[in-house]
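K.L.:
no FASTA, just this:
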Ligand code: NCD
């Protein structure tokens with residue numbers, strides 16, 4: 001990949017558009033599932049078994065030798081941050097972590113987001129960014145366009161593309177396909193960025209149906225709902241677990257996103273309305289239904305469900321997070337061809 005650290009960035013244009021992946025990840029920002037098509041997903045997923053082998057066999061990989069990836073997290077994270085860091089290290093690269101820049105960097109002195117990102121970009125080959133405001137990953141991409149790629153690790157209630165990639169991979173591993181599926185997504189459909197990205201991914205494939213189980217207040221915003229339907233995803237909104245289909249291919253449970261609420265009262269009014277407990281799994285799940293969750297969970301899946309083999313959130317789903325991110329980062333840095 002060409003390094004342009006000392007060159008000028010391409011001047012930002014008012015109509016900055018995210019690049020489409022079109023089967024070529026090198027140097028591209030990864031901000032939204034909108035950038036993807038089926039071939040690009042196939043190409044990414046094709047790399048994953050090799051990544052898995054590197055990790056499981058403890059191979060000493062030099063794929064990212066000399067590469068530095070900076071992880072800038074304005075919001076808390078466990079899995080996303082650590083699995084990205086582990087991915088870089090598994091492939092022989094180096095990871096810098098900038099956690100909570102509001103408190104510990106010049107952001108606390110009043111430095112702008114743009115200047116912070118431009119500066120960090122001068123010291124590394126890619127930035128993985130999490131930010132509480134929707135649209136800020138795109139903004140960062142615009143600011144450093146032509147210098148280094150930005151990977152969106154969650155922008156407020158917007159998107160969380162790398163999570164959706166690992167989720168899609170996990171579904172395909174279990175169902176053997178990504179088309180003609182029936183799924184249930186439950187919890188905070190309105191604010192859940194993982195849900196927003198995953199739905200965009202599912203909409204790329206023909207014949208998928210998702211049941212969105214949420215309280216009225218947490219439904220998908222009407223614009224996205226229309227958009228997904230227009231793309232061909234069948235959506236059925238429900239607010240009662242009795243209306244869930246029997247034997248769906250996957251359940252995707254999520255936490256109500258407390259940090260997006262104005263006050264505790266509003267949060268308490270909708271929190272944990274739907275619990276994926278053993279009784280529900282036995283009643284509505286089939287032998288091949290998988291129960292997923294991006295985690296963290298805060299009560300919506302009781303711990304006793306973990307021993308059910310259909311509960312994949314702390315098994316394949318969480319591990320795939322590292323394998324899929326290894327492939328993603330290797331492709332974006334142009335080290336996997
Ligand atoms: C999710 C997130 O941050 O959006 N966590 C994750 O990255 N796996 C889900 C959540 O916080 O509820």
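P.N.:
Structure's in. What do you need? Bear in mind that the values here come from a model prediction, so they are computed numbers and not experimental data.

K.L.:
which stretches of the stretch 1-150 of the chain form strands?
P.N.:
For the stretch 1-150 of the chain, the strands defined by DSSP state E, counting those that start in this stretch occupy 68-73, 94-99, 126-131, 150-155.

K.L.:
out of those, the one nearest residue 16 is which?
P.N.:
Closest approach to residue 16 among the strands of the stretch 1-150 of the chain (Cβ to Cβ): strand 150-155, 12.0 Å. All C-beta atoms are positioned from the backbone trio N, CA, C, and that covers glycine.

K.L.:
let me know the angle separating the closest one from strand 126-131.
P.N.:
Going by axes from the mean of the first three to the mean of the last three Cα atoms, to 10 degrees, strand 150-155 is angled at 20 degrees with respect to strand 126-131.

K.L.:
show me what strand 150-155 is packed against.
P.N.:
Under the contact definition 3 or more Cβ pairs under 8 Å, 6 or more residues apart in numbering; DSSP states H and E, strand 150-155 sits against helix 79-90, strand 126-131, helix 136-143, helix 161-175, helix 318-332.

K.L.:
which strands and helices lie in contact with the second one?
P.N.:
Applying 3+ Cβ pairs under 8 Å, 6+ apart, we find strand 126-131 packed against strand 68-73, helix 79-90, helix 113-121, helix 136-143, strand 150-155.

K.L.:
low pLDDT regions in this structure?
P.N.:
1-14 (pLDDT under 70).

K.L.:
report the distance from the helix ranked longest in the chain to the chain centre.
P.N.:
Longest helix in the chain, counting residues (DSSP state H): helix 38-56. Centroid separation for helix 38-56 versus its chain: 16 Å, with Cα atoms, centre = their mean, to the nearest Å.

K.L.:
cool, and stretch 281-289?
P.N.:
25 Å.

K.L.:
would you mind listing the buried residues in that stretch?
P.N.:
Across stretch 281-289, burial judged by 16 or more other Cβ atoms under 10 Å covers 281, 284, 285, 289.

K.L.:
what distance separates the start and the end of it?
P.N.:
Distance across stretch 281-289, first residue to last, is 9 Å (Cα to Cα, to the nearest Å).

K.L.:
contacts for it next, please.
P.N.:
Where contact means Cβ atoms under 8 Å, 6 or more residues apart in numbering, the residues beyond stretch 281-289 that reach it are 174-175, 241, 244-251, 291, 305, 308, 310.

K.L.:
just checking, which of these belong to helices?
P.N.:
If you go by DSSP H, the contacts of stretch 281-289 have 174, 175 in helices.

K.L.:
out of the contacts of stretch 281-289, who's nearest residue 269?
P.N.:
Closest to residue 269 out of the contacts of stretch 281-289 is residue 241 (18.5 Å), distances taken as Cβ to Cβ.

K.L.:
report whether stretch 189-197 contacts the ligand.
P.N.:
Yes: Stretch 189-197 is in contact with the ligand by Cβ under 6 Å from any ligand atom, via 193, 194.

K.L.:
the ligand contacts on the chain?
P.N.:
Counting by Cβ under 6 Å from any ligand atom, the positions of the chain adjacent to the ligand are 79-80, 154, 160, 163, 193-194, 254-255, 257, 294-296.

K.L.:
again, 5 Å this time
P.N.:
Within the chain, the positions near the ligand by Cβ under 5 Å from any ligand atom are 79, 80, 154, 160, 193, 255, 294.

K.L.:
can you lay out these as TSV showing neighbour count?
P.N.:
Converted to TSV, those look like this (neighbours: other Cβ atoms under 10 Å):
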residue	neighbour count
79	16
80	25
154	28
160	25
193	25
255	21
294	28
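
K.L.:
hmm, back to that, closest to residue 23 out of the buried residues of stretch 281-289?
P.N.:
Closest to residue 23 out of the buried residues of stretch 281-289 is residue 289 (32.2 Å), distances taken as Cβ to Cβ.

K.L.:
returning to what we had before: among the buried residues of stretch 281-289, which ones are in helices?
P.N.:
In helices, defined here by DSSP H, the members of these are 281, 284.

K.L.:
sorry, back to before: adding distance to residue 53, write the helices and strands packed on strand 150-155 out as CSV.
P.N.:
Below are the helices and strands packed on strand 150-155 laid out as CSV (distance: least, Cβ to Cβ, whole Å):
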stretch, distance to residue 53
helix 79-90, 11
strand 126-131, 23
helix 136-143, 31
helix 161-175, 15
helix 318-332, 9
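
K.L.:
point out the most buried one among the ones you listed.
P.N.:
The highest mean neighbour count among the helices and strands packed on strand 150-155, using mean count of other Cβ atoms under 10 Å, belongs to strand 126-131: a mean of 27.

K.L.:
now that one, how far from the centre of its chain.
P.N.:
12 Å.

K.L.:
and the angle from it to strand 94-99?
P.N.:
Strand 126-131 runs at 20 degrees relative to strand 94-99, counting by the same axes, to 10 degrees.
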